[in-house]
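A.B. asks: A structural model of the following input is requested.
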Amino acid sequence: MAGLTLLAINHDWAKRTLEKARSNSKAIKKFFFPDWEWAHYAYDIGSFLIAAGAIYLLFTVESRILASLCLAAIFFSIAIFLVNRERVDRLIATVKKQKHKRL
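C.D. replies: Below is the predicted model of the structure:
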């Protein structure tokens, strides 16, 4: 998404694609993160296991390529954890609320 945002500055096709992705983001999020209690727990446990395994491998592998893949897996698991149960939405709302209090 960040790369597409940068491309949208100069390219109309990227701007249209970004607008379509933003308009469909709620439906995509509902598809991958359904509102089922067991699914919430499964995503939390899965993201924890991915992060724990990637951290373990990060300190045991010698290859820089594998270490890079481990870092990518850690960031991926953090993203899953934040999107699950709408944690990132609540975090953004809290930050906006704090920002308005300061003004």
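
A.B. asks: hey, let's count contacts and neighbours off CA atoms from now on
C.D. replies: OK.

A.B. asks: close enough to count as contact, A73 and L57?
C.D. replies: No: judged on Cα atoms under 8 Å, A73 makes no contact with L57 at a distance of 10.5 Å.

A.B. asks: Have a look at these two and say which one is more surrounded.
C.D. replies: A73 (19 against 16; other Cα atoms under 10 Å).

A.B. asks: Which helix or which strand is home to the nearest residue in space to the more buried one that is not next to it in sequence?
C.D. replies: Leaving aside its sequence neighbours, A73 sits nearest to A54 (Cα to Cα, 6 or more residues apart in numbering; 6.2 Å). According to DSSP states H and E, A54 maps onto helix 37-60.

A.B. asks: Could I get the CA-only coordinates of that helix as CSV?
C.D. replies: The C-alpha trace of helix 37-60 is given here as CSV (Å, rounded to 0.1, in the frame of the first residue of the first chain):
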residue,chain,number,x,y,z
GLU,A,37,-14.6,-15.6,18.6
TRP,A,38,-12.6,-18.8,17.8
ALA,A,39,-11.1,-17.0,14.7
HIS,A,40,-9.9,-14.1,16.9
TYR,A,41,-8.1,-16.5,19.2
ALA,A,42,-6.7,-18.5,16.3
TYR,A,43,-5.2,-15.4,14.7
ASP,A,44,-3.8,-14.2,18.0
ILE,A,45,-2.2,-17.6,18.7
GLY,A,46,-1.0,-17.9,15.1
SER,A,47,0.6,-14.5,15.0
PHE,A,48,2.3,-15.2,18.3
LEU,A,49,3.7,-18.5,17.0
ILE,A,50,4.9,-16.9,13.8
ALA,A,51,6.7,-14.1,15.7
ALA,A,52,8.2,-16.5,18.2
GLY,A,53,9.5,-18.9,15.5
ALA,A,54,10.9,-16.0,13.5
ILE,A,55,12.7,-14.5,16.5
TYR,A,56,14.2,-17.9,17.3
LEU,A,57,15.3,-18.4,13.7
LEU,A,58,16.6,-14.8,13.5
PHE,A,59,19.2,-15.5,16.2
THR,A,60,20.1,-19.0,14.9
